[in-house]
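[1] Below is the sequence, then the predicted model.
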Amino acid sequence: MVCPRCSSQDEMAYSVLSNGLICLERGCGFEVEIDALEAHQVLETEEELVFC
C-alpha cells in the first residue's frame, strides 16, 4: 500500500495495538485504522505461511 501522506512505495506495517496500518518511512508515521475484516484480508492466513 502506498502511503497517502508521503507517497512512500514501501509497505505499511500492521499494528496490533491500534488495529491499523502505519507508514514506517522516517518522519512520516501516518496511521490509518482498519476494521477486523480488512485486517484479516491484509494479514497472511495460517495456510499461507511456509515453515522450513
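    Nice, thanks for sending it over.
[2] Need the three-state assignment for residue 37.
    Here residue 37 is recorded as helix under DSSP: H, G, I helix; E, B strand; the rest coil.
[3] quick one, strands of this structure?
    13-15, 20-22, 31-33 (DSSP state E).
[4] which residues are in contact with the second one?
    Pointing back at strand 20-22 there. Residues outside strand 20-22 that contact it (C-beta atoms under 8 Å, 6 or more residues apart in numbering): 1, 12-15, 29-34, 42. Where you see a C-beta, it was placed from the backbone N, CA and C, and this is true even at glycine.
[5] Can you name the residues that contact residue 13?
    Taking C-beta under 8 Å, 6+ apart, we find residue 13 in contact with 21-22, 24.
[6] Now flag whichever of the residues you listed is closest to residue 38.
    residue 21 (9.2 Å; C-beta to C-beta).
[7] Tally up the residues packed near the closest one, please.
    20 (other C-beta atoms under 10 Å).
[8] Skipping its backbone neighbours, what lies nearest residue 21 in space?
    Nearest non-adjacent residue to residue 21, counting by C-beta to C-beta, 6 or more residues apart in numbering: residue 12, 4.2 Å away.
[9] That neighbour against residue 28, yeah?
    No: in this structure, residue 12 is not within contact of residue 28 by C-beta atoms under 8 Å, at 9.8 Å.
[10] of these two, who's got more company?
    residue 12 (21 against 16).
[11] got a pLDDT number for that one?
    Here the pLDDT value assigned to residue 12 is 81.
[12] can you check the one 5 residues further on too?
    pLDDT recorded at residue 17 is 82.
[13] can you pull the contacts of it?
    Counting by C-beta under 8 Å, 6+ apart, residue 17 touches no other residue.
[14] give me phi/psi at it?
    phi -60, psi -40 (degrees, to the nearest 10).
[15] how far away is it from residue 33?
    Distance from residue 17 to residue 33, counting by C-beta to C-beta, to the nearest Å: 11 Å.
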